[in-house]
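J.: just need the structure, nothing else, for what follows:
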Amino acid sequence: MKLWSAQAISEFGARFARDGLPLAAVLVLHGSPHQVGLIAALAILPRIVIGTLAGGYIDRSNRRWVMIGADVMRALLLATIPLAAVFHVLSILQLYGVAFLVGAGSVVFDIANQAYVPALVDREHLLEGNTKLSVTASLANVSGPAVTGLLIQLVTAPFAVGLTSISYGVSAILLAWMRHTERPNRVEAKGWLVDFRDGCSAVFGERIIGPICLMETSANLFVAMFASLYPFIALRELHLTPFMFGATFAAGGAGALCGAWLRPWLTRRLGIGPASILAIFVAGAATFVFPLTYGPPVMAAILLGAAQFVGDALSTVSGITINTLRQSAFETDRLGRVNSVFQVTVGAASLVGALAGGWLGEALGARQALLIAAAGLTGSTLWAFLSPLPGLRHAPGPTLSRGWPSARM
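T.: Numbering: from 1, shown residues only. Model prediction:
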């Protein structure tokens, strides 16, 4: 419960910081679209840089204290924003630096958190535990934008960002309050490059996890394309108001909550493997609604909100099941390196996808580029058929046979 509470508070803090830093750039520093985009890119970049470097270190460390350190670092960094505003020295360069370093802390926290959960929760309860953790992320996505906007309206953007540092401080206190003793990890220090290579060997040597990594990477490439293009369709072509635009995201957050509720039923009926594949496929198919929507703004907002609801609900189902499979497939002393590989591949795909989305939108038009993104996201499930995932009923233990795709369950 302490870990869940700390993770919930940290999720809200991450959401507020992610929304608040770009708004501080726009509202206080009158930043250009290029500068705001650079803040977003710098927040993603640590997934590649830190993900490559941190896996082995986290496997050799006490994961709980790594998470505490990441929380404290993020709290101190965000507290500098209102201080700089008070003394009238806030600059766009400071926002760049804070975005990158807070992003780095978030990557370290996420890698350590995903590796720590299996050490705290019995493997037979991992699916249930990941479902509960997913609920808090969904709540942050539902309420985060509205609360961030309210805070900015009440106390201005720099002070709203500063208030989010409190959430990281509370998260660190809750984690320090825990009395769980983590067993020592007997992992030899070999250097970051060898650590990352070991993580790649582990991931792509497993007949289930390797294809899952490729599926997640390709899916996130097209999700990033979609995210870079969606505002142009919604705001410029369909003429949604900012409130309507925000409401479609709130619908997605509500869908994510329903997805967490739906997951147990779906995995019982279909099995964890087929449920994962079906969820990703239908979530991808739902994105075809976005480039094919026309009509007055109110009707368009309803259609987009419905598609966002369905897509986020099923994305939550797949996220929970895939995360559980990853945690179940390896001993806990390898999970830091394994999670690093996922951070790097997904982060790199997200950067490429965002850039490709902008380029394709310019070259072909936003609707045509969105059709490509929807087709790619739906087709990413094909990677799953290179593994035994379609016939997998339950999450296996850390004894999966090596070699794919020729291996069979």
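J.: you'd agree F281 is up against T381?
T.: Yes - under the criterion of CB atoms under 8 Å, F281 makes contact with T381 at 4.7 Å. Yep, even glycine has a C-beta here, placed from its N, CA and C like the rest.
J.: quick one: which of those two has more around it?
T.: Taking neighbours as other CB atoms under 10 Å, F281 and T381 compare with T381 leading, 23 against 19.
J.: what about that one, distance to G284?
T.: 7 Å (CB to CB, to the nearest Å).
J.: ok, W261 next?
T.: From W261 over to G284 the distance is 21 Å, taken as CB to CB.
J.: neighbour-wise, which of the two wins?
T.: Taking other CB under 10 Å, W261 and G284 do not tie; G284 has more neighbours (25 against 14).
J.: tell me which helix or strand that one sits in.
T.: helix 272-286 (DSSP states H and E).
J.: that helix packs against which elements?
T.: helix 209-231, helix 242-270, helix 297-329, helix 366-379 (3 or more CB pairs under 8 Å, 6 or more residues apart in numbering; DSSP states H and E).
J.: lowest mean pLDDT across these, which one is that?
T.: Sorting the helices and strands packed on helix 272-286 by mean pLDDT places helix 242-270 lowest, at a mean of 82.
J.: tell me the buried residues in that one?
T.: 244-245, 247-260, 262-263, 266-267 (16 or more other CB atoms under 10 Å).
J.: ok so, going back, looking at the helices and strands packed on helix 272-286, which is closest to S276?
T.: Shortest distance between S276 and those, using CB to CB, is found for helix 297-329: 4.4 Å.
J.: with only the CA atoms kept, save stretch 50-62 in CSV.
T.: Extracted in CSV, the C-alpha atoms of stretch 50-62 (Å, rounded to 0.1, in the frame of the first residue of the first chain):
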residue,chain,number,x,y,z
ILE,A,50,19.6,7.2,-19.2
GLY,A,51,17.9,3.9,-20.2
THR,A,52,21.1,2.8,-21.8
LEU,A,53,23.2,3.7,-18.8
ALA,A,54,21.1,2.9,-15.8
GLY,A,55,19.9,-0.8,-16.0
GLY,A,56,23.0,-2.5,-14.6
TYR,A,57,23.4,0.1,-11.9
ILE,A,58,19.8,-0.4,-10.8
ASP,A,59,20.2,-4.2,-10.8
ARG,A,60,23.2,-3.8,-8.4
SER,A,61,21.4,-1.3,-6.1
ASN,A,62,18.6,-1.2,-3.6
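J.: could you list the domains of the chain?
T.: Per the record, the chain has its domains at 1-182, 199-409, by automatic domain parsing.
J.: ok now the longest one, how far from the chain's centre?
T.: The chain centre lies 10 Å from the centre of domain 199-409; the measure is CA atoms, centre = their mean, to the nearest Å.
J.: and for the first one?
T.: Taking CA atoms, centre = their mean, the mean C-alpha location of domain 1-182 is offset from the chain mean by 12 Å.
J.: mean confidence for it?
T.: For domain 1-182, the per-residue pLDDT averages 79.
J.: please name every helix or strand in contact with the helix or strand hosting F12.
T.: Under the criterion of DSSP H and E, F12 resides in helix 2-27. Packing partners of helix 2-27 (3+ CB pairs under 8 Å, 6+ apart): helix 33-59, helix 63-86, helix 92-120, helix 126-155, helix 157-177.
J.: closest one to D71 among the helices and strands packed on helix 272-286?
T.: helix 297-329 (20.7 Å).
J.: for whichever helix or strand comes after the closest one, buried residues please.
T.: As assigned by DSSP H and E, the chain's next helix or strand after helix 297-329 is helix 335-364. For helix 335-364, burial by neighbour count (16+ other CB under 10 Å) applies to 335-351, 353-354, 356-358, 360-361.
J.: isn't S91 right up against L29?
T.: Yes - under the criterion of CB under 8 Å, S91 makes contact with L29 at 7.3 Å.
J.: now Q327. Nearest residue, chain neighbours left out?
T.: Counting by CB to CB, 6 or more residues apart in numbering, Q327 lies nearest to P118, which is 4.7 Å off, once chain neighbours are set aside.
J.: right, I mislabeled it, should have said G347
T.: Using CB to CB, 6+ apart, the closest residue to G347 is R47 (2.7 Å).
J.: so that neighbour touches A349, yeah?
T.: No - judged on CB under 8 Å, R47 makes no contact with A349 at a distance of 9.8 Å.
J.: residues in contact with stretch 56-73?
T.: Residues from elsewhere that reach stretch 56-73, judged by CB atoms under 8 Å, 6 or more residues apart in numbering: 6, 10, 101, 105-106, 108-109, 111-113, 115-116, 119, 168-169, 171-172, 175-176, 178, 180, 182, 185, 187, 189-192, 194-196, 198-199, 333-337, 339-340.
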